[in-house]
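Undergrad: could you look at this predicted model? Sequence included:
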Amino acid sequence: MIDQFDYKITGVGWAEMTFVSHTGDKVVITISYCCEPLPGLLDALCRLQRDESRFEVIEMGGDNYDFTLVLCEVAAGILRIEVLEDAYFDVLDPDEDRVPIPLFTAYDRTCSICECVLGNLEDLVRNMGLEEYKEKWCTAFPVEKLTALKDAMRR
């Protein structure tokens, strides 16, 4: 189970996305505005909640590393959440293969994950405001995608 999801802006163009499981396992992903992860995450959760998909992959990037968030339905209404790190072993050779490193795995109900993400992002918007978010993240908050997920949760 996911006990906590946290998304916070840590500096201009930088954020941290945190998942904490009920067993205390935790992963903190540092991401850059260049990868724009929130729209992808919200779209993926919306499709999963509406039963339009059973498998979603969200690519996220930082400085010299990339993260992949994998959401996979393993039973009706139950998701496996995995975070993989693709470490660059030689930053000077962009053609070198990247090896995915599993950092975090947890299972939870789709609706519970959606509620956790919605709650955190609504708090973020309420506390930071849309203007400050845009100023710090360099792009607007995906309000329409958050609204779409809320709508999917009402079904």
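TA: Structure's in. What do you need?
Undergrad: what packs against the host helix or strand of Leu42?
TA: Element membership for Leu42, per DSSP states H and E: helix 37-49. Using 3 or more Cβ pairs under 8 Å, 6 or more residues apart in numbering; DSSP states H and E, the elements in contact with helix 37-49 are strand 55-61, strand 65-75, helix 110-128, helix 143-154. Every residue, glycine included, has its C-beta placed from N, CA and C.
Undergrad: tell me the angle the longest one makes with strand 65-75.
TA: Read it as helix 110-128. 140 degrees (axes from the mean of the first three to the mean of the last three Cα atoms, to 10 degrees).
Undergrad: mind giving me the packing neighbours of helix 110-128?
TA: So helix 110-128, by 3+ Cβ pairs under 8 Å, 6+ apart, packs with strand 2-11, helix 37-49, strand 78-87, helix 130-137, helix 143-154.
Undergrad: quick one: average pLDDT of it?
TA: Mean per-residue pLDDT for helix 110-128: 96.
Undergrad: same question, stretch 3-16
TA: So the average pLDDT for stretch 3-16 ends up being 93.
Undergrad: for it, buried residues please.
TA: Asp3, Phe5, Asp6, Tyr7, Ile9, Trp14, Ala15 (16 or more other Cβ atoms under 10 Å).
Undergrad: gap between the spatially most central residue of the chain and Asp86?
TA: For the chain, the residue nearest the mean C-alpha position is Leu41 (5.0 Å; Cα atoms, centre = their mean). Per Cβ to Cβ, to the nearest Å, Leu41 is found 18 Å from Asp86.
Undergrad: thinking again about what came up before, which residue comes closest to the residue nearest to the centre of the chain once chain neighbours are left out?
TA: Closest residue to Leu41 in three dimensions, ignoring its sequence neighbours and counting by Cβ to Cβ, 6 or more residues apart in numbering: Ile58, at 5.4 Å.
Undergrad: where does the chain dip in pLDDT?
TA: Within the chain, the segments meeting pLDDT under 70 span 62-65, 87-99.
Undergrad: hmm, who's touching stretch 122-134?
TA: Tyr7, Lys8, Ile9, Lys136, Ala140, Phe141, Val143, Leu146 (Cβ atoms under 8 Å, 6 or more residues apart in numbering).
Undergrad: residues in contact with the residue lying closest to Leu71 once chain neighbours are set aside?
TA: If the residues on either side of it in the chain are set aside, Leu71 comes closest to Glu56, at 4.4 Å by Cβ to Cβ, 6+ apart. Residues in contact with Glu56 (Cβ under 8 Å, 6+ apart) are Ala44, Leu45, Arg47, Leu48, Val70, Leu71, Cys72.
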